[in-house]
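[1] pasting the structure only:
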DNA sequence: CGATATCGTGGAGGTTGTCAACGATTGAGG
DNA sequence: CCTCAATCGTTGACAACCTCCACGATATCG
């Protein structure tokens, strides 16, 4: 077993698997007029009952705040989210999903989930859950460490 | 437990974790004048005793062949790899690592491995191995399916 | 020999990552 | 009250990346 081999490197495998899943997800989401990034933003907006600030969106997604601007612009132009002023802070703009945004997200989520199941088809259900749990710990640990 | 939540989506976690690891690796590799992509190409060239065609490079890395051109150009300009004609096929150009390429790769690999260990610090050694094995199966399965 | 496929390469167009600014607003300390 | 630093959204710039298409050179199959 060659430990120097790229095919055995966890970082490379992570990047490679991510590329595969993102590519597949983008293809599926295109049917709903969305890219993965837009879908992520929309999802967080739908799940946040009172809306979510663009700052928090950037933090949750690991993006630069400047990237969020464009994504929200596109979703807003598509009528899927709105920007509402925050009650307590006039700098902040809360991103809230519209009724149509909720519908689109629900439909897209179904397709996206099916595609992830397909992409992870080599793993049993239990293994998929193990993978999910391990990745979640890596991500949250990195977050609590300051990225 | 909200199954619709983005933070529980395996695809999102994969993409997020990959982004973290790649960012860290790029920072480490910058000390050696490399980016992750270049390091990957260089690694495969070093590991291939008789060189590797750009086609195979693209396949192993999941890249479009046209992307490999630029990466090899940069590595060649840095004196880390050479392009040699293939003995049996005049279309193919074999990418082979130079002596300096081997040295740089060895030095960079050490730093990269240390960084991955740091990024995956939330997991025990056994868990890291589990993660690696699961990802390897996902990637090879996708490969045997035609991406 | 001729049709078809493959390899490397170039270029176009869109998406992403990173960074540095700026105006508006907030919060803390003097 | 007033100044100073910090925060939020936004814009702009620039490099990296992905996707696709087309081409010349070469190989392979019929």
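    That came through fine. From a predicted model like this one, the values you see are computed outputs, not experimental measurements. Residues are numbered from 1 along each chain as shown, chains lettered A, B, ... in the order given.
[2] Roughly how far does residue A:126 sit from residue A:118?
    18 Å (CB to CB, to the nearest Å). All C-beta atoms are positioned from the backbone trio N, CA, C, and that covers glycine.
[3] Could you check which of those two has the larger neighbour count?
    Comparing residue A:126 with residue A:118 by neighbour count (other CB atoms under 10 Å in any protein chain shown), the higher total belongs to residue A:118, at 13 against 8.
[4] Contacts for the helix or strand where that one lies next, please.
    Using DSSP states H and E, residue A:118 maps to helix A:99-119. Contacts with helix A:99-119, where a contact means CB atoms under 8 Å, 6 or more residues apart in numbering or on different chains, come from A:20-21, A:24-25, A:27-29, A:31-34, A:39, A:42-43, A:45-46, A:75, A:79-81, A:97, A:128, B:4, B:9-11, B:138, B:142.
[5] what about chain A, any weak spots by pLDDT?
    Applying pLDDT under 70 to chain A flags residues A:1-4.
[6] Can you pull up the most central residue in it?
    In chain A, the residue lying closest to the centroid (CA atoms, centre = their mean) is residue A:40, at 3.4 Å.
[7] That one is in contact with residue B:6, isn't it?
    Yes - counting by CB atoms under 8 Å, residue B:6 is a contact partner of residue A:40 at 5.9 Å.
[8] Need the overlap of contacts for these two.
    residue B:12.
[9] re earlier: is the helix holding residue A:118 anywhere near DNA strand D?
    No - contact of helix A:99-119 with DNA strand D is not found when judged by CB under 7 Å from any atom of the strand; the minimum separation is 13.6 Å.
[10] next one: that helix to chain centre, how far?
    12 Å (CA atoms, centre = their mean, to the nearest Å).
[11] Beyond that helix, next helix or strand please.
    Once the chain leaves helix A:99-119, the next helix or strand it forms, by DSSP H and E, is helix A:125-143.
[12] DNA strand C contacts on chain A?
    So far as CB under 7 Å from any atom of the strand goes, chain A lies against DNA strand C at A:35-37, A:63-64, A:66-67, A:88-91.
[13] ok, 10 Å please
    Within chain A, the positions lying close to DNA strand C (CB under 10 Å from any atom of the strand) are A:18, A:22, A:26, A:30, A:34-40, A:58, A:61-71, A:74, A:85-92, A:147.
[14] near DNA strand D too, which of those residues?
    Near DNA strand D, judged by CB under 10 Å from any atom of the strand, the entries from the residues of chain A next to DNA strand C are A:18, A:22, A:26, A:30, A:58, A:64-71, A:85-86, A:89-92.
[15] so of those residues, which ones are in strands?
    Mapping these onto strands (DSSP state E) picks out residue A:85.
[16] and residue A:97, what are its bridge partners?
    Beta-bridge partners for residue A:97, by DSSP bridges, are residue A:81.
[17] Mind giving me the PyMOL command for buried ones among the contacts of helix A:99-119?
    To isolate the buried members of the contacts of helix A:99-119 in PyMOL, using 16 or more other CB atoms under 10 Å in any protein chain shown:
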select buried, (chain A and resi 20+21+24+25+28+29+32+34+39+42+43+45+46+75+80+81+97+128) or (chain B and resi 9+10+11+138+142)
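[18] on that earlier part again, filter the ones next to DNA strand D among the residues of chain A next to DNA strand C down to just the buried residues.
    Neighbour counting over those (16+ other CB under 10 Å) leaves A:18, A:22, A:26, A:58, A:68, A:71, A:92 as the buried ones.
[19] residue contacts, the closest residue to the first one other than its chain neighbours?
    If I follow you right, that is residue A:18. Nearest non-adjacent residue to residue A:18, counting by CB to CB, 6 or more residues apart in numbering or on different chains: residue B:18, 3.5 Å away. Under the criterion of CB under 8 Å, 6+ apart, the contact list for residue B:18 reads A:14-15, A:17-19.
[20] rerun that using 7 Å as the cut-off
    By CB atoms under 7 Å, 6 or more residues apart in numbering or on different chains, residue B:18 lies in contact with A:14-15, A:18.
[21] cool, residue A:16 as well?
    Going by CB under 7 Å, 6+ apart, residue A:16 touches B:62, B:139.
[22] quick check, distance from the helix or strand hosting it to the centre of its chain.
    Using DSSP H and E, residue A:16 maps to helix A:10-30. Distance of helix A:10-30 from its chain centroid, counting by CA atoms, centre = their mean, is 12 Å.
[23] For chain B, tell me whether the helix or strand that comes right after it is touching it.
    Toward the C-terminus, helix A:10-30 is succeeded by helix A:36-47 as the next helix or strand (DSSP H and E). Yes - Helix A:36-47 is in contact with chain B by CB under 7 Å from any CB of the partner chain, via A:40, A:43-44, A:47.
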